[in-house]
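Q: Provided below for reference: sequence and predicted model.
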Amino acid sequence: MAETRTHRGNVPAETSSLVGRRAELDEIAVLIGRSPLVTLTGVAGVGKTRLAVRTADRHRDSFADGVWVVELSAQQNGDLLGHEIAAVLGLREQAVRPQAEVLADFLADKRLLLVLDTCDHLVDAAAALLRRVLPEAPHVRVLATSRRPLGLPGERVLPIEPLAAPGPGATGAAVRLFTERAHALVPGLTLDPVAVAQVCRLLDGIPLAIELAVRRLRALSVQQIAERLDDRFALLVGGSRTPLGRHQTLRTAVGWSHELCTAQERLLWARLSVFTGVFDAGDARAVCADGRLTGLPLCGLVDKSILIAEGSRYRMLGTIRDYGREWLRRLGEEDVLVRRHRDHGRAP
């Protein structure tokens, strides 16, 4: 059987700095030391991949057999997941044996970190493969990124939150990210700190959204960007030369989450977009339930990083809410749901 390649991994070079996230990086390091499987979850564009790649880079010398990154966004067939991993590890095809068995045998005595990036659409396949492989490979660690957990025993899930949204004129990681990227794009640019903080706040501190907003500075001022964010999906698009990976627009990133939802989850997401603040299950039922939506898959939307659970209450980030509102309009239900929400708010 072929061994791993002579160099110790395939961690890609980062093309820009990672702003903030020291606490998250430290926590990931601790979790990797304690569990064979760590999954980073979070809303679209929050920076799960960047954190995983930076973690991989930080641990290059911690694993004798290397650190290996398997990028899965283009792989649509879960049956080929094992083959994707084997190809990255440099294993030859063995058609007569199940790929999970080949990987389990190969990894049994290895000390390596395997990063499975973008497992969202392959959760079942990834869980089945790791359920077979990890018990046979006690010194292998897997770091996965997904908008929902893989659901395996012993999995440690770390939700990645957006960068803290600053108050007016305040600084923080979101403002630092905007400022750093802006000065790299337009050297010497003078920025209004109040307007920068406003943009970061309107974008919920989502790093992808902030980086896309910065791209507009060639044509717009920060204040003009802020004024146009009521149509953020039209405004926040990248270009062929932007180093933003697979998500060249905010709509693409959030749309990926939408595709991963069931029909009932999509309908509930759209209807919940009429809530601008927190709500509980009773509120959701009163406003959203009808003959088309009798069960409310709130937990499913939490698992897929669409809703944020805070005790018994829920909320949506503005970016997610706006996407749902677009779909509510397409469904022709906006007026009805706005009226239901208003009437519910007036009820004693």
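A: Sure, I can see it.
Q: so what's the residue nearest in space to the middle of the chain up against?
A: By CA atoms, centre = their mean, the chain has its centre lying nearest to Ala44, at 4.0 Å. If you count contacts by CB atoms under 8 Å, 6 or more residues apart in numbering, Ala44 has them with Arg147, Ile206, Leu208, His247, Ala253, Val254, Trp256, Ser257, Ser305. The way it works is simple: take the backbone N, C-alpha and C, and place the C-beta from them, glycine included.
Q: Among those, which lie within helices?
A: Leu208, Ala253, Val254, Trp256, Ser257 (DSSP state H).
Q: need the residues you listed in CSV with neighbour count, distance to Asp192 and pLDDT, can you?
A: Compiled in CSV, the ones in helices among the contacts of Ala44 are given as follows (neighbours: other CB atoms under 10 Å; distance: CB to CB, whole Å; pLDDT from 0 to 100):
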residue, neighbour count, distance to Asp192, pLDDT
Leu208, 27, 23, 92
Ala253, 24, 27, 85
Val254, 26, 28, 89
Trp256, 18, 33, 86
Ser257, 22, 32, 90
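Q: Closest one of these to Leu114?
A: Trp256 (22.6 Å; CB to CB).
Q: quick one, phi psi at Leu116?
A: phi -100, psi 100 (degrees, to the nearest 10).
Q: distance of the nearest residue to it once chain neighbours are set aside from Cys299?
A: Excluding its sequence neighbours, the residue lying closest to Leu116 (CB to CB, 6 or more residues apart in numbering) is Ala144, at 4.4 Å. Going from Ala144 to Cys299 by CB to CB, to the nearest Å gives 20 Å.
Q: Now do the SS call for the closest residue to Leu337 other than its chain neighbours.
A: Excluding the flanking residues, the one nearest Leu337 by CB to CB, 6+ apart is Val274, at 4.8 Å. When classified by DSSP: H, G, I helix; E, B strand; the rest coil, Val274 comes out as coil.
Q: Next one, pLDDT for Val274 please.
A: In the predicted model, Val274 carries a pLDDT score of 97.
Q: Go through the helices and strands of the chain and name the one with the lowest mean pLDDT.
A: Within the chain, no helix or strand scores below helix 232-235, which has a mean of 80 by mean pLDDT, DSSP states H and E.
Q: Work out the gap between that helix and the centre of the chain.
A: 19 Å (CA atoms, centre = their mean, to the nearest Å).
Q: neighbour-wise, which of Ala144 and Cys299 wins?
A: The neighbour comparison of Ala144 against Cys299 (other CB atoms under 10 Å) goes to Ala144, with 30 against 12.
Q: can you pull the pLDDT of that one?
A: In the predicted model, Ala144 carries a pLDDT score of 98.
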